[in-house]
Structures are given as structure tokens and as C-alpha cells.
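Visitor: Dropping a prediction and its sequence here:
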Amino acid sequence: EGGMVLTNNEELSKKCFSIRDYGKKSQWESVHNIFSGNFRMSNLTAVIGNNHISEIDNFLNKREKIAKMYTDNLSDKYEKILPKNGKSGWYKYIVYLPKKVNRKDFKDICKNQGLGLSGGVYDKPIHLQPVFDGSFKHGDFPIAEEVCERHICLPIYPNLSDEEVNQTIEILNKAI
């Protein structure tokens, strides 16, 4: 889908260029030095990304404001996953449900109140995904399994209005 990396580190820049193009040093070589894939952006995606980068401060400020509203107003029954140091871009605002709450049932309750919570990280941990064809079993990575069972991701896109965030908080606090 494309993406963007901003760095002033020349070594990291060269590695990123290589990773985006099948692990090659340049597009004109057919020697692959790093196991990779095709992560090159289309021209259309690049134009959109270039336009969005001019709005980055605005997007980050909006996400920060929404995150603060969640942090300040969500019930303490939720375990909030907050950055310990530095700043976050708030790509996701993740909370853990209490251990006794069934995530699917909780999401259904929220959906019935008009709040969709579809943007989770993983419903099933990676080691239990079909691609591993049973190489791992339930219990091999209990922390990953617990995270998948308990986490939900709250809406945090920049176009959310204060009213929508407050409504989300109200639904979540009633549902818990």
C-alpha cells in the first residue's frame, strides 16, 4: 500500500530504499541482499502521501486531542495502553478489557449502540494463524493470546468530532 519513512540517517535511508524494492541496492540491479518484497508506492499513492505530509502537524494534534479525551474520560475499568516516554502518533488507541469480559460480546453490545470497533490489531495471535499450519498450539505464547483476547482499538482518526468522541466514551463507559 505504500508508506513513508523520514530520516536524516543515511545508512537507514539506504536500507529502507533496499527493503522497498525486493532487497536490491538499486532498481537497476538484480542482486537481492535483504529478504524483502515490493513496497514501492504507486504515483497516485505518492501524490496523496505528499499532500498529507503537509498536514502532519494538524493530523497529529487532532489525534493527540482525541487520545487525551479518551485517557481523561474512559472508565478506569479499562487498562489504557499509553506511551511511557516521548510522544505517540496515535495510529491506534488500544485498551484492554477486564479479564472477565468477553471481547466479542462486548463489541456486539457496542455495535448495537452504534459504535463499531472493527479496527483491532489481531483477532488471533500470529502463531495460531492458519499460515503456520498447526506448528504452534494454544498456550505456546500466552501473553500474545491474552493481548488478542482482551484488546480493543478505539476510533481515533483526525476527522472525528468532539461530539463523536464523547458519544464513543459514553457508549464504552456504559458497556463496561
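Guide: Cool, got the structure. Residues are numbered from 1 along each chain as shown.
Visitor: By mean pLDDT, which helix or strand of the chain comes out lowest?
Guide: The weakest-scoring helix or strand in the chain, judged by mean pLDDT, DSSP states H and E, is helix 43-53 (a mean of 86).
Visitor: Give me the next element, helix or strand, following the top helix by length along the chain.
Guide: Selection of the longest helix in the chain by residue count, based on DSSP state H, yields helix 56-73. From helix 56-73 onward toward the C-terminus, using DSSP states H and E, the following helix or strand is strand 79-80.
Visitor: Partner strands of that next one, with direction?
Guide: As defined by DSSP bridges, the strand partners of strand 79-80 come to strand 93-96 (antiparallel).
Visitor: where do the helices sit along this protein?
Guide: For the chain, helices defined by DSSP H occupy the ranges 10-20, 43-53, 56-73, 103-112, 142-150, 162-175.
Visitor: So which of those helices is nearest residue 123?
Guide: Closest approach to residue 123 among the helices of the chain is made by helix 142-150 (6.5 Å; C-beta to C-beta). Just so you know, the C-beta spots here come from the backbone N, C-alpha and C atoms, and that holds for glycine as well.
Visitor: Centre of the chain to that closest one, how far?
Guide: 16 Å (C-alpha atoms, centre = their mean, to the nearest Å).
Visitor: residues making contact with that helix?
Guide: Helix 142-150 is contacted from outside by 79, 96-97, 99, 101, 103, 121-128, 138-139, using C-beta atoms under 8 Å, 6 or more residues apart in numbering.
Visitor: Kindly indicate which of those lies nearest residue 45.
Guide: Set against residue 45, the nearest of these by C-beta to C-beta is residue 121 (23.1 Å).
Visitor: who touches that closest one in this structure?
Guide: Neighbour list for residue 121: 92, 94, 147, 148, 151, 153 [criterion: C-beta under 8 Å, 6+ apart].
Visitor: what's the farthest-apart pair in those?
Guide: Using C-beta to C-beta, the two most remote members of these are 92 and 148, lying 14.0 Å apart.
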